[in-house]
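Visitor: how does the following fold in three dimensions:
(one chain, ligands or ions: 1)
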Amino acid sequence: MDTVLSGIRPTGNLHMGNYFGAVKNFLKMQHEYNCFFFIADLHSLTTHPTPTDLHDNVRKVLAEYLACGLDPEAATIYVQSDVPEISELYLLMNMNAYVGELQRTTTFKEKMRKQPDNVNAGLLTYPVLMATDILIHRATKVPVGKDQKPHLEITAKYARRFNQIYKVDYFPEPEAFNYGKDLVKVPGLDGSGKMGKSEGNGIYLIDDPKVIRKKVMSAVTDAGPTEPHQKMSDGVANLFTIMKIVSTPDMVKFYKDKYNACEIRYGDMKKQVAEDIVNYLNPIRERIQEIYADNDYLRKVVNMGAEKARESASKTLKDVREIIGFKPF
Ligand code: AMP
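Guide: Numbering: from 1, shown residues only. Model prediction:
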């Protein structure tokens with residue numbers, strides 16, 4: 001069975017794009033593969049969060065994923081810093097990573113531009129830690145967005161390099177996990193192509209109904225079609241895309257027919273979309289609040305995750321130490 005690994009950044013809350021574009025797939029995957037999901041709190045240190053923020057962000061993101069249905073019994077869900085084997089393997093992997101190649105990675109160059117006052121060594125070796133996250137469980141499949149593809153290639157390169165240096169066939173080269181036709185792209189309600197955190201157009205899982213209604217009602221549309229079957233403007237097409245995700249097919253057909261007959265009232269459609277989003281997200285939001293407040297449950301989940309992750313990680317680390325030549329006397 002393939003081992004699948006996915007990292008979760010403890011920054012910000014989940015929006016509908018994250019949920020329908022990534023998390024929903026995790027819910028299926030966790031029953032079909034040997035899945036590891038980890039909260040990348042070591043990675044987040046590159047941006048120097050305060051101790052309070054660091055802990056709270058981990059807690060928030062954990063509560064959200066659990067509320068969505070990630071199952072700690074089915075998958076291994078852990079906090080990266082709870083697994084010290086990762087830090088040791090990271091040190092070992094750093095010895096075979098070259099400064100030149102790290103300086104050339106696009107993400108590093110971007111960070112240098114974005115945070116010129118904080119170009120720390122952790123940023124430079126970020127790809128080594130990412131590779132370590134994957135290699136520590138000898139994962140074979142990694143669900144990645146387009147922007148992360150180069151990191152996966154680097155991981156494959158480090159796996160190959162390690163195998164070549166030590167003349168072993170130890171680390172598998174991980175591949176991108178392909179969602180195929182299940183890949184959903186959630187558009188923004190501001191007429192833009194994508195809902196995203198940095199785009200500032202997100203509907204968040206923790207948004208209460210009033211906030212959701214307000215955001216949907218202000219969605220960008222147009223003056224309305226003037227001839228039957230007119231091509232939709234981006235904003236209207238986006239509204240329909242979101243409706244398809246949260247509403248019934250009958251409801252979508254109703255409004256599509258209205259559009260094609262030039263009888264659509266966008267205000268009515270928005271009200272419908274808002275209610276369907278609210279109904280979809282309400283139980284998730286309530287569950288987030290419940291879990292976030294339940295420290296005993298969260299502690300149980302992270303302890304269980306740490307134990308399972310460490311079991312897998314320590315096996316790899318033991319092998320690697322021996323391969324490298326750290327042999328017991
Ligand atoms: P981010 O926190 O923006 O890096 O998003 C994490 C993951 O959520 C991405 O790798 C995507 O798989 C998914 N995602 C984010 N935004 C969207 C979106 N608008 N539509 C579909 N998937 C998305």
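
Visitor: what about the residue nearest to Cys68 when sequence neighbours are not counted, distance to Asn282?
Guide: Spatial nearest neighbour of Cys68, excluding adjacent residues (C-beta to C-beta, 6 or more residues apart in numbering): Val23 at 4.9 Å. No exception for glycine: its C-beta is placed from N, CA and C like everyone else's. Computed as C-beta to C-beta, to the nearest Å, the Val23 to Asn282 distance reads 17 Å.

Visitor: residues in contact with Thr241?
Guide: 186-187 (C-beta atoms under 8 Å, 6 or more residues apart in numbering).

Visitor: next, the residue nearest to Cys68: phi, psi?
Guide: Per-residue torsions, Val23: phi -60, psi -40 (degrees, to the nearest 10).

Visitor: run a quick check on it versus Val61, I expect a contact.
Guide: No - Val23 lies out of contact with Val61 (C-beta atoms under 8 Å); the separation is 11.0 Å.

Visitor: where's Gln148 relative to the ligand, distance?
Guide: 7 Å (C-beta to the nearest ligand atom, to the nearest Å).

Visitor: what about the residue nearest to Cys262 when sequence neighbours are not counted, how many neighbours?
Guide: Closest residue to Cys262 apart from its sequence neighbours, by C-beta to C-beta, 6+ apart: Pro225 at 4.8 Å. Residues contacting Pro225 under the criterion other C-beta atoms under 10 Å number 19.

Visitor: get me the contact residues on the stretch 101-250 of the chain for the ligand.
Guide: Residues of the stretch 101-250 of the chain lying near the ligand by C-beta under 6 Å from any ligand atom: 145, 184-186, 194-197.

Visitor: count of neighbours near the nearest residue to Pro143 once chain neighbours are set aside?
Guide: Leaving aside its sequence neighbours, Pro143 sits nearest to Phe177 (C-beta to C-beta, 6+ apart; 4.1 Å). Counted with other C-beta under 10 Å, residues neighbouring Phe177 total 20.

Visitor: what's the closest residue to Ile264 other than its chain neighbours in contact with, if anything?
Guide: The shortest distance from Ile264 to any non-neighbouring residue, by C-beta to C-beta, 6+ apart, is to Lys258 (4.2 Å). By C-beta under 8 Å, 6+ apart, the contact set of Lys258 is 264-265, 269.

Visitor: residue of the stretch 1-150 of the chain closest to the ligand, please.
Guide: Gly21 (1.8 Å; C-beta to the nearest ligand atom).

Visitor: isn't that residue right up against Lys185?
Guide: Yes - at 6.4 Å, Gly21 counts as touching Lys185 under the criterion of C-beta under 8 Å.

Visitor: of the two, which one has the most company?
Guide: Neighbour totals were compared for Gly21 and Lys185, and Gly21 leads with 20 against 11 (other C-beta under 10 Å).

Visitor: so the more buried one: helix, strand or coil?
Guide: Following DSSP: H, G, I helix; E, B strand; the rest coil, the label given to Gly21 is helix.

Visitor: how close does it get to Leu205?
Guide: In terms of C-beta to C-beta, Gly21 sits 13 Å off from Leu205.

Visitor: kindly report the same for Ala237.
Guide: The value you get for Ala237 to Leu205, if C-beta to C-beta is used, is 24 Å.

Visitor: higher neighbour count, the two?
Guide: Leu205 (21 against 12).

Visitor: hang on, that one packs against Asn282?
Guide: No - using C-beta under 8 Å, Leu205 is not in contact with Asn282, being 10.2 Å away.
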